[in-house]
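Engineer: next input, structure requested:
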Amino acid sequence: EKASQELKADREVVLAAVQQSGKALRYASEELRADREFMLAAVRRRSMPLERCHWSSELRADREVVLAVVQQNGRALEKASQELKADREVVLAAVQQSGKALRYASEELRADREFMLAAVRRRSMPLERCHWSSELRADREVVLAVVQQNGRALEKASQEL
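Structural biologist: Model prediction:
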């Protein structure tokens, strides 16, 4: 925070800081945070999730960058572009890292039976139970797949079942 603008723009210094704490990215210069190669390097150096709110709007629409980020922090999908929130591979990667990421997927994906089954099967821990469409709550196969991971999800199933 108190570092000079010159240090905040120094790629090597900022990468070293990010390696210690993802939160350090908030102090990087705007130019560095908008630099695709820098951000990919920062994501690859950091073993713990980067702060998800410190990347530029252009990078939030960059599939490779978003995929790298959500593989470390699935909930970072929240900050991705609308287009990438509808990208099956990106969303599945996010859900695999954190079931809570499903809440940020596009409505179309959350209503897609095959996608939801794939998401449930990819996730080793229970998915958030409140982010599936009413149609899928009435689909026996989907409900079965979800409750096999989280029995409490049965309370969200359709009463028609």
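
Engineer: CA only for contacts and neighbour counts going forward, please
Structural biologist: Fine.

Engineer: in which helix or strand would I find Trp132?
Structural biologist: Using DSSP states H and E, Trp132 sits within no helix or strand.

Engineer: was I right to think it contacts Arg110?
Structural biologist: Yes - assessed by CA atoms under 8 Å, Trp132 is found in contact with Arg110 at 5.7 Å.

Engineer: report the set of residues contacting both of these two.
Structural biologist: Residues touching both Trp132 and Arg110 (CA atoms under 8 Å, 6 or more residues apart in numbering) are Met116.

Engineer: which of those two has more neighbours?
Structural biologist: Trp132 (23 against 20; other CA atoms under 10 Å).

Engineer: contacts only, for the more buried one.
Structural biologist: Under the criterion of CA under 8 Å, 6+ apart, the contact partners of Trp132 comprise 110-111, 116.

Engineer: which regions of this structure lie under the pLDDT threshold?
Structural biologist: 1, 46-53, 123-130 (pLDDT under 70).

Engineer: recalculate using a threshold of 50.
Structural biologist: Along the chain, the model assigns pLDDT under 50 to no residue.

Engineer: what ranges does it have for its helices?
Structural biologist: 5-8, 11-20, 30-33, 36-45, 57-60, 63-72, 82-85, 88-97, 107-110, 113-122, 134-137, 140-149 (DSSP state H).

Engineer: can I get those in TSV with distance to Gln159?
Structural biologist: Compiled in TSV, the helices of the chain are given as follows (distance: least, CA to CA, whole Å):
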stretch	distance to Gln159
helix 5-8	56
helix 11-20	49
helix 30-33	49
helix 36-45	44
helix 57-60	39
helix 63-72	35
helix 82-85	30
helix 88-97	27
helix 107-110	20
helix 113-122	19
helix 134-137	9
helix 140-149	11
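
Engineer: most tightly surrounded among these?
Structural biologist: helix 88-97 (a mean of 24; mean count of other CA atoms under 10 Å).

Engineer: okay, that one in CSV with CA atoms only?
Structural biologist: Output in CSV follows, covering the C-alpha atoms of helix 88-97 (Å, rounded to 0.1, in the frame of the first residue of the first chain):
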residue,chain,number,x,y,z
ARG,A,88,-19.5,-25.4,-19.9
GLU,A,89,-15.8,-26.1,-19.5
VAL,A,90,-15.1,-23.0,-17.4
VAL,A,91,-18.1,-23.5,-15.2
LEU,A,92,-17.4,-27.2,-14.7
ALA,A,93,-13.8,-26.3,-13.7
ALA,A,94,-15.1,-23.7,-11.2
VAL,A,95,-17.7,-26.2,-9.8
GLN,A,96,-15.1,-28.9,-9.4
GLN,A,97,-13.0,-26.5,-7.2
